[in-house]
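[1] predicted structure and sequence below. I'll ask about it afterward.
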Amino acid sequence: MKQVCVLGNGQLGRMLRQAGEPLGISVWPVGLEADPEAVPFQQSVITAEIERWPETALTRELARHPAFVNRDVFPIIADRLTQKSLFDKLGLPTAPWQLLADHSEWPAVFARLGELAIVKRRTGGYDGRGQWRLRANETAELPEDAYGECIVEQGINFSGEVSLVGARGHDGSTVFYPLTRNLHQDGILRVSVAFPLANAEQQAQAEGMLSAIMNELNYVGVMAMECFVTPSGLLINELAPRVHNSGHWTQNGASISQFELHLRGVTGLPLPPPVVNSPSVMVNLIGTDLNYDWLKLPLVHLHWYDKTVHAGRKVGHLNLNDCDTHRLSATLEALVPLLPAEYASGIAWAQSQLI
């Protein structure tokens, strides 16, 4: 039996464990503070569900482990400075950007990037945290400790957001899912919609960009790439060197889920292209109590993370997939009264994508 240790024991590690069971792969999600003596890492392939981690007794041990797949890639992608520098090195389109080191740079920043600046912490910020949207009269809102620890990007006028989830094998082969359309609210992914066939031009551009990145890094397993849709094509926003929230629809909407695909990649199992036969919708459950009435709707698949519910926390997701988009849309409509009021606009957006 193959064995995989996952650094991090959140919902992504949990879903990797679930995906491993049918394959005969024993998956061990482990907390960062776990006792190394209690973790069977010596006989395992090592992967991670997080980009960065503090130094602990366990992470020191794993950092020396030769079977830690992508070990040297995580620091590059976890830091937005080195991540953006990678895009520039490969000639891949991304929002114009620079390091923000000092207050004195603001006039030049706005002169170069325009009236809206997006400031992001180099490490750690996600789901809207550690990010600021600033105009010239708002720069005092940026905390003092952000200078030197942030990049600043041009605010992009985009028409939509999409993500590509793909995987690369040890032999350099790559496979991809169709592009996923995403809606973010308050910086957190709210809803994703995917179709068996995405826009061909966008799909080709995205696959070319993500292939270039994975090949440059000699990356193995699943990687996700988030992009803005603009009149001149896709602009890369960010990368995730792991399974990704916007790929959760694959659990019920593809022949191979992103979690199984990642395990196949890191353990050297066959990596055929996943088959997608019908449209899918994923609804993120954010700070929302469990409601089994969702299961009265036959298209709804519930994935509950068994986490304490509090505001802004991802606690689960709902997957819906069906070849009939009218039936999908009707099921989404039936979900609206079963969810808090703030979900209505996201569900309406998903219904608009299905037309």
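    Cool, the structure landed.
[2] check contacts around the nearest residue to Pro178 once chain neighbours are set aside.
    Among residues not flanking Pro178 along the chain, Ala198 sits closest, at 4.3 Å (Cβ to Cβ, 6 or more residues apart in numbering). Yep, even glycine has a C-beta here, placed from its N, CA and C like the rest. Counting by Cβ atoms under 8 Å, 6 or more residues apart in numbering, Ala198 makes contact with Val162, Pro178, Leu179.
[3] which one of the residues you listed is nearest to Pro270?
    Pro178 (20.5 Å; Cβ to Cβ).
[4] so is the closest one in a helix, a strand, or just coil?
    coil (DSSP: H, G, I helix; E, B strand; the rest coil).
[5] where does the prediction get shaky in the chain?
    Scanning the chain with the threshold set as pLDDT under 70 gives 125, 127-128.
[6] try 90 this time
    For the chain, residues meeting the criterion pLDDT under 90 lie at 1, 40-42, 62-64, 124-130, 186-187.
[7] list the helices and strands the longest helix that the chain contains packs on?
    When the chain is parsed with DSSP state H, its longest helix is helix 200-217. Applying 3 or more Cβ pairs under 8 Å, 6 or more residues apart in numbering; DSSP states H and E, one finds that helix 200-217 makes contact with helix 80-90, strand 160-168, strand 174-176, strand 221-230, strand 233-240.
[8] list the buried residues for stretch 272-279?
    For stretch 272-279, burial by neighbour count (16 or more other Cβ atoms under 10 Å) applies to Pro274, Val276, Ser278, Pro279.
[9] what's near enough to touch Leu99?
    Going by Cβ under 8 Å, 6+ apart, Leu99 touches Leu81, Gly148, Cys150, Ile151, Val152.
[10] relative to Ala311, which of those is nearest.
    Nearest member of the contacts of Leu99 to Ala311, counting by Cβ to Cβ, is Cys150, at 25.3 Å.
[11] ok, the closest one - how many residues close by?
    Neighbour count of Cys150, defined by other Cβ atoms under 10 Å: 23.
[12] surely it touches Asp102?
    No. Look at Cys150 against Asp102 with Cβ atoms under 8 Å: they stay out of range, at 11.2 Å.
[13] Ser280 contacts Ala194, correct?
    Yes. Look at Ser280 against Ala194 with Cβ under 8 Å: they come within range, at 4.8 Å.
[14] can you check which residues contact both of the two?
    What both Ser280 and Ala194 touch, as defined by Cβ under 8 Å, 6+ apart, is the set Trp249, Gly253.
[15] which SS state does the residue nearest to Pro178 fall under?
    Three-state call for Ala198 (three-state DSSP): coil.
[16] from Thr59, how far out is it?
    Computed as Cβ to Cβ, to the nearest Å, the Ala198 to Thr59 distance reads 38 Å.
[17] in stretch 192-211, what counts as buried?
    So stretch 192-211, judged by 16+ other Cβ under 10 Å, has buried residues 192-195, 198-199, 202-203, 205-207, 209-211.
[18] who are the contact partners of the residue nearest the centre of the chain?
    The centroid of the chain falls nearest to His244 when counting by Cα atoms, centre = their mean (3.2 Å). Listed by Cβ under 8 Å, 6+ apart, the contact partners of His244 are Ser163, Val165, Val222, Ala224, Gln258.
[19] chain center to the longest helix of the chain, what's the gap?
    On the basis of Cα atoms, centre = their mean, to the nearest Å, helix 200-217 sits 16 Å off its chain's mean C-alpha point.
[20] Glu51: which of the helices and strands packed on helix 200-217 is closest?
    When the helices and strands packed on helix 200-217 are ranked by proximity to Glu51 (Cβ to Cβ), strand 233-240 comes first, at 7.2 Å.
[21] now the element after that closest one, going C-ward?
    helix 250-253 (DSSP states H and E).
[22] one step back: CA-only coordinates of the longest helix of the chain in CSV, if you can.
    Provided in CSV are the C-alpha atoms of helix 200-217 (Å, rounded to 0.1, in the frame of the first residue of the first chain):
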residue,chain,number,x,y,z
ALA,A,200,-11.3,27.4,-26.5
GLU,A,201,-9.0,30.4,-26.8
GLN,A,202,-8.9,31.0,-23.0
GLN,A,203,-8.4,27.3,-22.3
ALA,A,204,-5.5,27.1,-24.7
GLN,A,205,-3.9,30.2,-23.2
ALA,A,206,-4.3,29.1,-19.7
GLU,A,207,-3.0,25.6,-20.3
GLY,A,208,0.1,27.1,-22.0
MET,A,209,0.8,29.4,-19.1
LEU,A,210,0.3,26.8,-16.4
SER,A,211,2.3,24.2,-18.3
ALA,A,212,5.2,26.7,-18.6
ILE,A,213,5.1,27.3,-14.8
MET,A,214,4.9,23.7,-13.8
ASN,A,215,7.7,22.7,-16.2
GLU,A,216,9.9,25.6,-15.1
LEU,A,217,9.5,24.5,-11.4
